[in-house]
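Asker: Show me the folded form of this:
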Amino acid sequence: MYQSKVTFENELGLNARLAGTLVKEINSHESHITMEYDGKAVNAKSLMGMLSLHPVKGAEVVFTAEGPDEVQAVESICAIIRDYAKSEKRDATDREAERAARKAKRKETLLRFLPFLRK
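Answerer: Prediction:
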């Protein structure tokens, strides 16, 4: 038996996209894997089971595996959760940069066609 705790650091906690990615990864392993949060444990190979726990941002979840590939299974699950939070932060930064670029472009266009707006 192998256990590991992981914290959901992304804004929405466990959402459907992340849960789907996790279930796909979990189902590729032979080990029996459970996810425990807030005193409740579910079979981690079940999408609905995982979503029913609804861990939010900052929640600590324990993954437990029993089987031939237990260490690899739990470590890959925890890595996916950590990487998802990092990619979400990068995406937010990229979106903010794109938003700023669009705003600057709109302002430039307005000033070109409406020169009296210049100060």
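
Asker: Ignoring the adjacent residues along the chain, who's closest to the residue nearest in space to the middle of the chain?
Answerer: Note on the chain: the residue nearest the mean C-alpha position is Tyr84, at 3.9 Å, using CA atoms, centre = their mean. Distance criterion CB to CB, 6 or more residues apart in numbering; nearest residue to Tyr84, sequence neighbours excluded, is Leu18 at 5.3 Å. To be clear about C-beta, it is placed using only N, CA and C from the backbone, and glycine gets the same treatment.

Asker: Read off the pLDDT value for that neighbour.
Answerer: The model reports Leu18 with a pLDDT of 92.

Asker: how near is it to Val42?
Answerer: Counting by CB to CB, to the nearest Å, the separation of Leu18 from Val42 is 15 Å.

Asker: Likewise for Val56?
Answerer: 16 Å.

Asker: Which one's more surrounded, the two?
Answerer: Using other CB atoms under 10 Å, the more surrounded residue of Val56 and Val42 is Val42, with 16 against 12.

Asker: can you give me phi and psi for that one?
Answerer: phi -130, psi 160 (degrees, to the nearest 10).

Asker: for the nearest residue to it once chain neighbours are set aside, helix, strand, or coil?
Answerer: Nearest non-adjacent residue to Val42, counting by CB to CB, 6+ apart: Gly49, 3.5 Å away. For Gly49, the assignment made with DSSP: H, G, I helix; E, B strand; the rest coil gives helix.

Asker: how many other residues sit next to Gly49?
Answerer: The burial count for Gly49: 17, using other CB under 10 Å.

Asker: Show me the contact partners of whichever strand or helix holds Gly20.
Answerer: Remark: Gly20 resides in helix 16-27, with elements defined by DSSP states H and E. Helix 16-27 has contacts (CB atoms under 8 Å, 6 or more residues apart in numbering) with 10, 33, 44-47, 50-51, 73, 76-77, 80-81, 84.
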